[in-house]
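K.L.:
pasted the sequence and its predicted model underneath.
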Amino acid sequence: MFQEMGLAVDLVTLFSVALIGGILAKRLKQPIILGYLIIGLLFSLIPHHFLDWKNLKVMADIGVAFLMFTLGLEFSFNRFRKIKDVVLWGGILQITLVLAIFLVILPLLGFSFADSFYIAAAFSLSSTAVVVKILSDKGQLLTLPGQIMVGWLLLQDLAVLPMMILLPSFAQAESTGWNQVLPSLGRSIVILYVVLLLAKKIVPKLVDWIASFNSRELLLLFVVSLALLAAFFTYSLGMSFAIGAFIAGLIISSTVESHAIFAEIRPLRDLFITVFFLILAMTTNPLHWLTHWQLILELVLILILVKLLVVSGLIFYFGYHSKVAFLVGVGLVQVGEFGFVLAQEGLHQGLITPTSYSTIIAVTLLTILLTPFLFDSGTKIYDTGRRFTHHYLPQLAVFLFPEYREDKVDQELKMKNHIVICGYGRMGRYIGRALQLSKIPFIVIDYNKQVVAQLEQASIPVIYGDPADFEVLKRAQVKTAKAIVIAIPDFYTQSRIITQARTLNSQVKILCRTHQEADVPRLRTLGAEIIVQPEFEAGVYVVNRLAHLFHFSEDPRQHIHRLRIEHGIIANTIT
């Protein structure tokens, strides 16, 4: 009976296993992808011969195709042109340098030419899903390091397409020779380019025609058919099954219906990609982890060191503050989900060995698992390194940290009863403009060089440096300041600023914003008198507006005061 319902049994088994892994990941506050992979590894240890692996692998390929399709949908050529130079050129250099470094290191560790290419390519990518989720949870998407990270990740995601086209050819070149590989690759690219030009003219008209029926079902059927048809077309040219789906998504991204199409296809993508991640983990040999644990740990350590140095070095080279460079470097040390896709493609085409495939999976899993901890401790590690360098390597400190450079303008700043604004993002700008209109003296501390240049041009007192540094706060005349406004979302940086400021001036008033509700009592304990949580304050504002709109019989201020007490923001908070 079960054999007749084979596919249904397979899906029930996989989705049930995935559900368990997803719940565990969420309970442990880990990325859900990690839950799928770990539960898949555990499931691989028990007998599962009743599963039809042929059908499941096809479904996994369809999941990758839908993933690439939605990636194409989320991008447009116009959007890509808006990416800043540091992201564009820095991202290209980062991928190239990491590739080159690992192409030297991996053969020394015993990997073949083809294996080295695929592993190096996978290692050059970082995880968009994991990093964006962490940045969003911490409220740091719009910070300078957050913006650079997201831009760089988008560029890396786009780089997957040329990698999937070129890697099989490069990997085969050693055995078949470039004379046979290049003509075949060239013909495929030319055919693909011609089809792409034709599709850009025809497909948008087809989408408009299907959309004119005002049927979600027809639109979904058309989109799925188009994605799979394009995937089969590129597969017939000897390229990856998923490349065609990416190109189909890229073409549709320029249509007005692209957002509606993304909303329709996303649940289907999530369902199929779950199968992909489970199959990925279940086909990994757990014994490989035990027999090659030393190699895996060596690769994890080498990868973190190489990516941290390359990424941080490039960001610093482009003129950004060393803290920005380090935080971006820490945020991008992991291997991303598209590393799985490259590994699967290499194994499917017989270009890499199962050992190399398992190595990529193991390193990716471990680096993703370490990412939340590295994010949480990034600022702390930076501060420790800065203090160590300042004490033991003063010449290097002068080069890396502008806080320790002599600056006559900063030294000549003589202010009294002024406001110190730490961070000049959206919140800081609003506060600064209000103080400017009120003719209240203030000084800004920020490590965004562009912001500093704009403020200097506007003749607004500003210090380029890390607000958490004692010397920077000292230069900002915190000793004689009336108040400090901390407009930076990172809790560790906030706590450092409060501690340093209290050392310089025990009477200074400290106003602080926070993204996390759990940080409110901790900031109050440290000495912040006024704490603002944007979501809470927005809720209070809406309550005030509703009171005026509906003419509440009772004074809403009493209820708002009660809300502030319950929230941990007591009476001395701004009303």
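P.N.:
Thanks, I have the structure now.

K.L.:
from here on, just use CA atoms for contacts and neighbour counts.
P.N.:
Noted.

K.L.:
count of neighbours near the closest residue to V324 other than its chain neighbours?
P.N.:
Spatial nearest neighbour of V324, excluding adjacent residues (Cα to Cα, 6 or more residues apart in numbering): P145 at 5.5 Å. Residues contacting P145 under the criterion other Cα atoms under 10 Å number 23.

K.L.:
doesn't F326 make contact with P145?
P.N.:
No. Counting by Cα atoms under 8 Å, P145 sits too far from F326 to count as a contact (9.0 Å).

K.L.:
now name the helix or strand holding I445.
P.N.:
strand 442-446 (DSSP states H and E).

K.L.:
which residue is nearest the middle of this structure?
P.N.:
V131 (2.9 Å; Cα atoms, centre = their mean).

K.L.:
and what about C512, helix, strand or coil?
P.N.:
In three-state terms, and counting by DSSP: H, G, I helix; E, B strand; the rest coil, C512 is strand.

K.L.:
and it, bridged to which residues?
P.N.:
When bridges are called by DSSP bridges, C512 pairs up with I486, I531.

K.L.:
residues near I95, how many?
P.N.:
For I95, using other Cα under 10 Å, the count is 22.

K.L.:
looking at this, I484 is in a helix?
P.N.:
No. Counting by three-state DSSP, I484 is not part of a helix but strand.

K.L.:
what about the helix or strand N544 falls within, distance to the chain center?
P.N.:
If you go by DSSP H and E, N544 is part of helix 534-550. Distance of helix 534-550 from its chain centroid, counting by Cα atoms, centre = their mean, to the nearest Å, is 33 Å.

K.L.:
same deal with stretch 506-515?
P.N.:
29 Å.

K.L.:
from now on call the first residue 4
P.N.:
Okay, residue one is now 4; in that scheme the one you just asked about reads as stretch 509-518.

K.L.:
could the C-alpha coordinates of that stretch be exported in CSV?
P.N.:
Provided in CSV are the C-alpha atoms of stretch 509-518 (Å, rounded to 0.1, in the frame of the first residue of the first chain):
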residue,chain,number,x,y,z
SER,A,509,29.0,62.0,36.3
GLN,A,510,26.4,64.8,36.0
VAL,A,511,25.8,64.6,32.2
LYS,A,512,22.3,63.6,31.1
ILE,A,513,22.2,60.5,28.9
LEU,A,514,19.5,59.9,26.3
CYS,A,515,19.6,56.6,24.5
ARG,A,516,17.6,54.8,21.8
THR,A,517,17.3,51.0,21.8
HIS,A,518,15.8,48.5,19.3
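
K.L.:
ok, and what's touching it?
P.N.:
Applying Cα atoms under 8 Å, 6 or more residues apart in numbering, the contact partners of stretch 509-518 are 141-142, 481, 484-494, 497, 501, 504-505, 523, 530-538.

K.L.:
strands along the stretch 454-578 of the chain, start to end?
P.N.:
Applying DSSP state E, counting those that start in this stretch to the stretch 454-578 of the chain gives strands spanning 465-467, 486-489, 512-516, 533-535.

K.L.:
ok, for G349, nearest residue in space, not its chain neighbours?
P.N.:
What sits nearest to G349 in space, not counting adjacent residues and going by Cα to Cα, 6+ apart, is I355, at 5.4 Å.

K.L.:
residues near the one you found, how many?
P.N.:
When neighbours are counted by other Cα under 10 Å, I355 comes out with 25.

K.L.:
what's the answer for N508, then?
P.N.:
Neighbour tally, N508, other Cα under 10 Å: 17.

K.L.:
hang on, it packs against K485?
P.N.:
No. In this structure, N508 is not within contact of K485 by Cα under 8 Å, at 9.4 Å.

K.L.:
pLDDT value on the residue nearest to the centre of the chain, please?
P.N.:
According to the prediction, V134 has pLDDT 83.

K.L.:
please parse this protein into its domains.
P.N.:
Segmentation of the chain into domains, based on automatic domain parsing, reads 4-33, 55-379, 409-535.

K.L.:
what's the weakest-modelled helix or strand in the protein?
P.N.:
When the helices and strands of the chain are scored by mean pLDDT, DSSP states H and E, helix 411-414 comes last with a mean of 44.

K.L.:
ok, then the element right after it?
P.N.:
Trace forward from helix 411-414 with DSSP H and E and the next one is strand 422-425.

K.L.:
that following strand pairs with which strands, and in what direction?
P.N.:
Going by DSSP bridges, the partners of strand 422-425 are strand 445-449 (parallel), strand 486-489 (parallel).

K.L.:
dump the ones you listed into TSV; add distance to Y544 and mean neighbour count as well.
P.N.:
As requested, the strands paired with strand 422-425 are exported to TSV (distance: least, Cα to Cα, whole Å; neighbours: other Cα atoms under 10 Å):
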stretch	distance to Y544	mean neighbour count
strand 445-449	27	23
strand 486-489	21	23
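
K.L.:
pLDDT of stretch 232-245, averaged?
P.N.:
76.

K.L.:
buried residues in that stretch?
P.N.:
For stretch 232-245, a neighbour-count test (16 or more other Cα atoms under 10 Å) marks L232, A233, A234, F235, F236, T237, L240, M242, S243, F244, A245 as buried.

K.L.:
swap in stretch 321-335?
P.N.:
323-335.

K.L.:
now do stretch 279-298
P.N.:
Buried-residue list, stretch 279-298, by 16+ other Cα under 10 Å: F279, F280, L281, I282, L283, A284, M285, T287, N288, P289, H291, W292.

K.L.:
please state the offset of that stretch from the chain centre?
P.N.:
25 Å.

K.L.:
just stretch 391-405 next, same as before
P.N.:
On Cα atoms, centre = their mean, the centre of stretch 391-405 falls 30 Å from that of its chain.

K.L.:
wouldn't M152 be in contact with L335 here?
P.N.:
Yes. Here M152 reaches L335: they are 7.3 Å apart, a contact under Cα under 8 Å.

K.L.:
which other helices and strands contact the helix or strand containing I264?
P.N.:
Secondary-structure element containing I264, defined by DSSP H and E: helix 261-285. When contacts are defined as 3 or more Cα pairs under 8 Å, 6 or more residues apart in numbering; DSSP states H and E, helix 261-285 sits against helix 9-30, helix 35-46, helix 56-77, helix 219-239.

K.L.:
and the two most separated of the buried residues of stretch 232-245?
P.N.:
L232 and M242 (13.7 Å; Cα to Cα).

K.L.:
tell me, how many residues neighbour L111?
P.N.:
Neighbour count for L111, taken as other Cα under 10 Å: 10.

K.L.:
burial check on G75, number of neighbours?
P.N.:
Under the criterion other Cα under 10 Å, the count of neighbours that G75 has is 23.

K.L.:
tell me who's in contact with F321.
P.N.:
Here F321 is in contact with V89 (Cα under 8 Å, 6+ apart).

K.L.:
hmm, I was thinking of G342
P.N.:
G342 sits next to A124, A125, F126, L128, I363, T367 when contact means Cα under 8 Å, 6+ apart.

K.L.:
and if we set it to 10 Å?
P.N.:
121-130, 163, 348, 363-364, 367 (Cα atoms under 10 Å, 6 or more residues apart in numbering).

K.L.:
which of the residues you listed fall in helices?
P.N.:
Mapping the contacts of G342 onto helices (DSSP state H) picks out Y121, I122, A123, A124, A125, F126, V163, E348, I363, I364, T367.

K.L.:
identify the farthest-apart pair in those.
P.N.:
Farthest pair in the ones in helices among the contacts of G342 (Cα to Cα) is V163 and I364. Separation: 17.1 Å.

K.L.:
cheers, nothing more for now.
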